[in-house]
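**Q** Here is my input; please provide its structure:
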Amino acid sequence: MRVSLLALLLAPGLAAAQAGDYFARVDLDGDGRVSRHEFLERMSFAFRQMDTNGNDVLEPGEQHLPDAGTITLAQHHERFGAQFSRQDADRDGYLSRAELLAPPRR
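**A** Here you go, the predicted structure:
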């Protein structure tokens, strides 16, 4: 599900306005680039919405997939932190608009 969610959130082909709106929602400080912290904050939005008991653990009953395993917020951050590193093509520690909106790298 995490990879599917990322693919949905970073899908190419969004209308320019939607892409701009998405970038603005992730670029929390408005400096025109996305830090690892900003990326993890945005990628954790859905996690926090699903974590109904607020214990920083998504248990199977809190997820939309019947066979989903348990995942902690720390594991979630680790996975999306790795995705951030893959998306950061120029290795400057930030995602540009183009890097953020590019298809997910593997």
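
**Q** Please make it C-alpha for all contacts and neighbour counts, starting now.
**A** Will do.

**Q** buried set for whichever helix in the chain runs longest?
**A** Using DSSP state H, we find that the single longest helix of the chain is helix 73-87. Under the neighbour-count criterion of 16 or more other CA atoms under 10 Å, helix 73-87 has Leu73, His76, His77, Phe80, Gly81, Gln83, Phe84, Ser85, Gln87 buried.

**Q** need the helices for this protein, in chain order.
**A** Under DSSP H, the chain gives helices at 2-9, 16-26, 36-43, 45-50, 73-87, 97-101.

**Q** Now the fourth one - C-alpha only, CSV.
**A** Taking only C-alpha atoms (Å, rounded to 0.1, in the frame of the first residue of the first chain), the coordinates of helix 45-50 have been written out as CSV:
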residue,chain,number,x,y,z
PHE,A,45,-0.5,12.6,6.6
ALA,A,46,-2.5,9.5,5.5
PHE,A,47,-0.7,7.4,8.2
ARG,A,48,-1.9,9.7,10.9
GLN,A,49,-5.4,9.8,9.5
MET,A,50,-5.6,6.0,9.6
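
**Q** so how far is Arg105 from the residue nearest to Met43 when sequence neighbours are not counted?
**A** With sequence-adjacent residues excluded and distances taken as CA to CA, 6 or more residues apart in numbering, Met43 is closest to Phe80, at 7.2 Å. Distance from Phe80 to Arg105, counting by CA to CA, to the nearest Å: 12 Å.

**Q** follow-up on the earlier one: pLDDT at the residue nearest to Met43, what is it?
**A** Phe80 is assigned a predicted lDDT (pLDDT) of 96.

**Q** Please compute how far stretch 99-106 lies from its chain's middle.
**A** The chain centroid and the centroid of stretch 99-106 are separated by 11 Å, computed with CA atoms, centre = their mean, to the nearest Å.

**Q** again, but for stretch 70-82
**A** Taking CA atoms, centre = their mean, the mean C-alpha location of stretch 70-82 is offset from the chain mean by 10 Å.

**Q** repeat for stretch 41-55
**A** Here the centre of stretch 41-55 is set off from its chain's centre by 12 Å, with CA atoms, centre = their mean.

**Q** do stretch 58-77 as well
**A** Distance, stretch centre to chain centre, for stretch 58-77: 15 Å (CA atoms, centre = their mean).
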